[in-house]
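>>> Below are the sequence and a predicted model; questions follow.
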Amino acid sequence: MGMLDSELSFSAAQAVTANGDTPSTNSYDSGGFPAQGDAGQTSESLWVNVFCSTTATTGSGATVQAVLQDSADGSTFADVVASQAFAIGSVVAGATLLQLQPPPAMRRYWRVVYRIGTGTLTAGKFDAYVSNTFQRNTARPSGFSVS
């Protein structure tokens, strides 16, 4: 994993249970011009990463979708990119919900929305952040010892 700046964290273990859209705890101000941020003006390859940190559960067969949104003023947001709507059985700890490089010409403010459809969750926590690397959480077998 690359460097992770706390200012680039949308949410850390954010509990999401309600039906509909739940915005991330934080939004990101990319600065720059009044309507457009300067994220595309860097030599870094930025990545938006959204993961499930605690397995989601439901009694009603809900779906989970991660949506990257932007805004010119920090208060009126619009969808930019949305993941597929994941069936609840695949939203387990460590699952990737959305991972992409932000599209060019995104407006100044960014956030992630967790969109819960066809029901509510009884549990589920999510992490979302911008990093300078493509994040891969690869499960490795445990049980080794160090001597």
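Arrived safely. Numbering: from 1, shown residues only.

>>> Show me which parts of the longest strand anywhere in the chain are buried, residue by residue.
Counting by DSSP state E, the longest strand found in the chain is strand 47-57. Buried residues in strand 47-57, defined by neighbour count with 16 or more other CB atoms under 10 Å: 47-54, 56. Placement of C-beta: from N, CA and C, glycine included.

>>> Please state the offset of it from the chain centre?
Centre-to-centre, strand 47-57 and its host chain are 7 Å apart (CA atoms, centre = their mean, to the nearest Å).

>>> Please export the alpha-carbon coordinates of that strand; PDB is fine.
C-alpha atoms of strand 47-57 as PDB (Å, rounded to 0.1, in the frame of the first residue of the first chain):
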ATOM      1  CA  TRP A  47      -6.700   5.900  -7.100                       C
ATOM      2  CA  VAL A  48     -10.100   6.000  -5.400                       C
ATOM      3  CA  ASN A  49     -10.400   2.800  -3.300                       C
ATOM      4  CA  VAL A  50     -13.600   1.700  -1.600                       C
ATOM      5  CA  PHE A  51     -13.600  -1.500   0.500                       C
ATOM      6  CA  CYS A  52     -15.800  -3.400   2.900                       C
ATOM      7  CA  SER A  53     -14.100  -3.500   6.300                       C
ATOM      8  CA  THR A  54     -16.800  -5.400   8.300                       C
ATOM      9  CA  THR A  55     -19.000  -7.900   6.500                       C
ATOM     10  CA  ALA A  56     -22.400  -6.500   5.600                       C
ATOM     11  CA  THR A  57     -25.500  -8.400   6.800                       C
END
